[in-house]
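> Quick check, what structure comes out for this input:
(chains A and B, ligands or ions: 5)
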Amino acid sequence: MANTGWDEFEIGAMLRSFDGKIDDIAGTLQEDRKYSPNNSFMASVADWRIEKPIFSKDFCIDCQFCWIYCPDMSIIARDKKMIGVDMDHCKGCGICVEVCPTNPKSLLMFPEQADEEAELAQWPAKDEKEK
Amino acid sequence: MSEMKKIKNLKEFSTSADRFEGANLLCPGCAHSIIVREVLNATNDDLVLSASTGCLEVCTAVYPYTSWDASWIHIGFENGSTAVAGAEAMHKALKNKGRLKQPERNPKFISFAGDGASYDIGFQWISGCMERGHNIMHVVLDNEVYANTGGQRSSSTPIGGSNTTTPAGRVSYGEKRNKKDMVAIMASHGIPYSAQVAPNKWKDMVKKIQHGMAVDGPVFINAVSPCTTEWKFDPKDTMMLTDLSTDSLVFPLYEIIDGHELNITYRPKNVVPVEEYLAAQGRFKHLFKDEYKYLIKEWQERVDANWAYLNRREEARV
Ligand SMILES: Cc1ncc(C[n+]2csc(CCOP(=O)(O)OP(=O)(O)O)c2C)c(N)n1
Ligand code: SF4
Ligand code: SF4
Ligand code: SF4
Ligand SMILES: [Mg+2]
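Ligands and ions are numbered 1, 2, ... in the order given. Next comes the predicted model:
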């Protein structure tokens, strides 16, 4: 269906969010869902980004501010822990970095081509000037 | 009535399984999406949703993709509210006739629309839904402008904003008319619940959405939705702008129960001058020229007067 042109599919055809039946969507996490190819979850906006967030878990207090304020469902929280960024859906807006309360921040923006391991190895230290 | 989802704190909230998906085409930093997530995640019940034409609808249903993991309908600009009200009426009729296949499920009927779709073009349709008493919730994503078509003023646009149809320039300071008070207009239909919310105050939002879902009858919610493109600020600053909007009392957070009982639900510890809110947005840049500075003073006076009015109403319990 995803490869059918807009003028090729039958009148009344349905594009579904999922393949098959899910009884309790609100109780089924993304990794356990069978997304259909027509769900935007299966698409990527990674090429929108100029900058990307990198997550350093050393200072993270799992406050979930980044989770609630990320506009693109791209902060992955499981069992009340922040476990990483969904790089297919992150648009690089930088909100998660702004709302992260730790010192130093547990999320920082870098150019899209930056090397994650190298940046994590030289993560800034605590800024003493901050209160 | 199904059981209300327990959300004591943000950690607990973060265990929610989102029913609104990424790789939609909303701008980076768009607040519409933050609001939609907070509303949808306030319940585990089934959802029957609509979106009126506008950024949210246009960006989340682009062939061949949908970003919605729930029943979702779009018809036109004006009638998202009545589309959902029709579904709700059908559901009620089938329930009464004992013809629902799963009568134990309690879907929530929610209509999302922009300020253009709510304050202007869908106004009479929403009013009809409120008056007829449908068991629906109408949520306005209030970015104070027709964002999706390039920034035309709506009746939600505040004084002094520069918009494509009310541009600031040599002869004008931009929009000249004051914003319509939709929360009060909707409350005056005598509906059980009408409230203003903001995505930065997620707990206040969830409480109000859950209250709205629990009452029997129509609910109106106005959500401030800072728009990085039309308000002209950096996408990373969406939450800062939302904080400024609530803490300057430009968007006070309150609720009106049964059309009359007004409660203020958030009192900022440090009230921020309106000037700071205006200064953070490109759409108000021209107000800082000497000849227009009097407008900033008038802005502050209007916000102060509105806050005093809300406080008087809360105190008088009318
Ligand atoms: C009846 C009708 N008039 C005009 C339009 C063109 N139109 C599409 S989206 C839009 C702007 C929507 O503004 P708003 O409701 O505030 O939502 P926003 O995009 O700001 O979220 C307009 C004018 C339309 N689709 N239908
Ligand atoms: S940069 Fe923006 S889209 Fe990406 S994870 Fe952070 S808040 Fe989400
Ligand atoms: S905002 Fe920062 S501290 Fe809080 S969960 Fe996210 S990364 Fe961790
Ligand atoms: S124009 Fe504004 S409301 Fe529309 S998608 Fe962009 S940020 Fe969101
Ligand atoms: Mg709008």
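> quick one, helices of chain B?
Assigned by DSSP state H, the helices in chain B fall at B:10-13, B:31-40, B:55-60, B:80-96, B:115, B:123-132, B:182-187, B:202-214, B:238-247, B:274-279, B:293-316.
> For these, give me JSON lines that also has mean pLDDT.
Converted to JSON lines, the helices of chain B look like this (pLDDT from 0 to 100):
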{"stretch": "helix B:10-13", "mean pLDDT": "98"}
{"stretch": "helix B:31-40", "mean pLDDT": "98"}
{"stretch": "helix B:55-60", "mean pLDDT": "98"}
{"stretch": "helix B:80-96", "mean pLDDT": "97"}
{"stretch": "helix B:115", "mean pLDDT": "98"}
{"stretch": "helix B:123-132", "mean pLDDT": "98"}
{"stretch": "helix B:182-187", "mean pLDDT": "98"}
{"stretch": "helix B:202-214", "mean pLDDT": "98"}
{"stretch": "helix B:238-247", "mean pLDDT": "98"}
{"stretch": "helix B:274-279", "mean pLDDT": "98"}
{"stretch": "helix B:293-316", "mean pLDDT": "98"}
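> I'd like to know which of those is closest to ligand 4.
helix B:55-60 (3.1 Å; Cβ to the nearest ligand atom). No exception for glycine: its C-beta is placed from N, CA and C like everyone else's.
> can you tell me if that closest one touches chain A.
Yes - using Cβ under 8 Å from any Cβ of the partner chain, helix B:55-60 reaches chain A at B:Thr60.
> Just the residues contacting that helix, thanks.
By Cβ atoms under 8 Å, 6 or more residues apart in numbering or on different chains, the residues outside helix B:55-60 that reach it are A:40, B:20, B:24-26, B:30, B:32-33, B:36, B:51, B:66-68, B:74, B:80, B:112, B:114, B:141, B:143, B:147-148.
> Right, and ligand 1 sits closest to which residue of chain A?
A:Pro71 (13.6 Å).
> I'd guessed that residue sits against A:Gly94; true?
No - contact between A:Pro71 and A:Gly94 fails when scored by Cβ atoms under 8 Å: they sit 10.9 Å apart.
> quick one, domains of chain A?
Per the record, chain A has its domains at A:10-43, A:45-113, by automatic domain parsing.
> what's near enough to touch the one residue in the stretch 51-200 of chain B that gets nearest to ligand 1?
Residue nearest to ligand 1 within the stretch 51-200 of chain B (Cβ to the nearest ligand atom): B:Gly114, separated by 2.1 Å. Shown in contact with B:Gly114 (Cβ under 8 Å, 6+ apart): B:Ser52, B:Gly54, B:Cys55, B:Leu56, B:Val140, B:Leu141, B:Asp142, B:Asn143, B:Tyr146, B:Ala147, B:Asn148.
> about what we covered before: filter the contacts of helix B:55-60 down to the ones near ligand 3?
Restricting those to those within reach of ligand 3 (Cβ under 6 Å from any ligand atom) leaves nothing.
> State the distance from the closest residue to B:Phe220 other than its chain neighbours to B:Phe251.
Counting by Cβ to Cβ, 6 or more residues apart in numbering or on different chains, B:Phe220 lies nearest to B:Met186, which is 3.8 Å off, once chain neighbours are set aside. According to Cβ to Cβ, to the nearest Å, B:Met186 stands 16 Å off from B:Phe251.
> okay, these two: which has more neighbours?
B:Met186 (27 against 22; other Cβ atoms under 10 Å in any protein chain shown).
> ok, for A:Ala26, nearest residue in space, not its chain neighbours?
Distances taken as Cβ to Cβ, 6+ apart place B:Asn44 nearest to A:Ala26, at 4.0 Å, with adjacent residues excluded.
> right, and that neighbour touches B:Lys5 too?
Yes - B:Asn44 is in contact with B:Lys5 according to Cβ under 8 Å; the separation is 5.1 Å.
> For the one residue in chain A that gets nearest to ligand 5, the count of nearby residues, please.
At 16.0 Å from ligand 5, A:Pro71 is the closest residue in chain A, using Cβ to the ion. Counted with other Cβ under 10 Å, residues neighbouring A:Pro71 total 29.
> for chain A, what are the low-confidence residue spans?
Applying pLDDT under 70 to chain A picks out residues A:1-2, A:130-131.
> ok, now with 90
Scanning chain A for pLDDT under 90 picks out A:1-15, A:20-23, A:127-131.
> Would you mind naming what in it lies close to ligand 2?
Near ligand 2, when you scan chain A using Cβ under 6 Å from any ligand atom, you find A:53, A:70, A:72, A:74-75, A:85, A:90-96.
> One more pass at 5 Å, please.
Contacts of chain A with ligand 2, taken as Cβ under 5 Å from any ligand atom, map to A:Pro53, A:Cys70, A:Asp72, A:Ser74, A:Val85, A:Cys90, A:Lys91, A:Cys93, A:Ile95, A:Cys96.
> now the helices: where do they sit in chain A?
Using DSSP H, the helices of chain A run over residues A:65-69, A:95-99, A:116-121.
> can you redo those helices as JSON lines with mean neighbour count and distance to B:Pro158?
Formatted as JSON lines, the helices of chain A follow (neighbours: other Cβ atoms under 10 Å in any protein chain shown; distance: least, Cβ to Cβ, whole Å):
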{"stretch": "helix A:65-69", "mean neighbour count": "24", "distance to B:Pro158": "24"}
{"stretch": "helix A:95-99", "mean neighbour count": "23", "distance to B:Pro158": "24"}
{"stretch": "helix A:116-121", "mean neighbour count": "11", "distance to B:Pro158": "42"}
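> Nearest to B:Lys285, out of those?
Relative to B:Lys285, the nearest member of the helices of chain A by Cβ to Cβ is helix A:95-99, separated by 21.7 Å.
> Quick one: list the elements packing against that closest one.
helix A:65-69, strand A:107-111, helix B:238-247 (3 or more Cβ pairs under 8 Å, 6 or more residues apart in numbering or on different chains; DSSP states H and E).
> CA atoms of that helix as CSV?
Below are the C-alpha coordinates for helix A:95-99, written out as CSV (Å, rounded to 0.1, in the frame of the first residue of the first chain):
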residue,chain,number,x,y,z
ILE,A,95,14.1,21.6,23.4
CYS,A,96,15.3,18.5,25.4
VAL,A,97,18.7,20.2,26.0
GLU,A,98,17.0,23.5,27.2
VAL,A,99,14.8,21.7,29.7
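> residues making contact with that helix?
Counting by Cβ under 8 Å, 6+ apart, A:53, A:65-66, A:69-71, A:75, A:85, A:105, A:107-109, B:29, B:235-240 sit against helix A:95-99.
> can you tell me which residues contact A:Gly114?
Slight slip there: residue A:114 is Ala, not Gly. Per Cβ under 8 Å, 6+ apart, neighbours of A:Ala114: A:Lys52, A:Ile54.
> ditto for the one 5 residues further on
Taking Cβ under 8 Å, 6+ apart, we find A:Glu119 in contact with A:Ile54, A:Leu108, A:Phe110.
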